[in-house]
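1. quick one, structure for this:
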Amino acid sequence: MTLLDPLTQISNMRGFQKDIAREISRARRADQPVTVLLMEIDEYDDLYDHYGKRRGEFVVKKVAERISSDLRATDMLARLSTPMFAVLIPGSGEMLGQDIAERMREDIEGFAMDDGRGAVLQVCISIGMVTWEPQNYPAVDMPQLARQMESVAGKALESAQSKGGNRVAQSRLSTLIL
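-> This is a model prediction of the structure:
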């Protein structure tokens with residue numbers, strides 16, 4: 001089974017699940033935080049309905065390329081579904097994670113994509129963020145923690161979208177039972 005998304009050539013959901021498990025384990029050993037960002041292209045369904053599959057895929061590919069260009073060599077990007085991406089940021093606490101997420105959001109917001117056919121497309125993204133710091137949340141069940149981080153980041157993403165999109169929302173792991 002492949003770990004790469006065929007359109008963007010970045011990790012897919014399966015690759016992300018391997019990456020997050022590995023990074024949580026590494027963060028625990030090094031006593032370093034790790035941040036997860038879940039991001040979705042705002043109003044992607046409308047864009048797809050209006051411009052069609054070809055331009056929809058063009059936007060997904062360009063957004064993936066742009067996000068990749070904002071990452072450090074140690075960060076990991078994955079495409080989880082058509083308009084949704086995840087970023088793992090090892091060694092990043094809440095403040096740095098928030099700064100990185102906001103920079104990505106602003107970068108995508110200001111990025112004009114020329115599709116080569118005379119259309120210039122612009123999109124925005126919403127981002128949900130969660131950070132795990134081993135000293136604050138010493139977890140024993142790493143697979144459970146990975147699932148919980150995905151879930152909490154997903155709830156933060158929903159919060160960002162419910163407030164109109166094009167924003168970063170952060171949730172904390174304080175309610176987790178590990």
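
2. residue ranges for the helices of this structure, please.
-> Ranges of helices within the chain are 13-30, 44-51, 53-70, 94-109, 142-162, based on DSSP state H.

3. can I get the ones you listed in CSV with mean pLDDT?
-> As requested, the helices of the chain are exported to CSV (pLDDT from 0 to 100):
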stretch, mean pLDDT
helix 13-30, 94
helix 44-51, 93
helix 53-70, 94
helix 94-109, 96
helix 142-162, 94
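
4. would JSON lines of those with mean neighbour count be doable?
-> The way it works is simple: take the backbone N, C-alpha and C, and place the C-beta from them, glycine included. JSON lines is the format used below for the helices of the chain (neighbours: other Cβ atoms under 10 Å):
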{"stretch": "helix 13-30", "mean neighbour count": "17"}
{"stretch": "helix 44-51", "mean neighbour count": "14"}
{"stretch": "helix 53-70", "mean neighbour count": "17"}
{"stretch": "helix 94-109", "mean neighbour count": "17"}
{"stretch": "helix 142-162", "mean neighbour count": "19"}
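
5. looking at these, which is closest to S126?
-> S126 sits nearest to helix 142-162 of all the helices of the chain, at 4.0 Å, using Cβ to Cβ.
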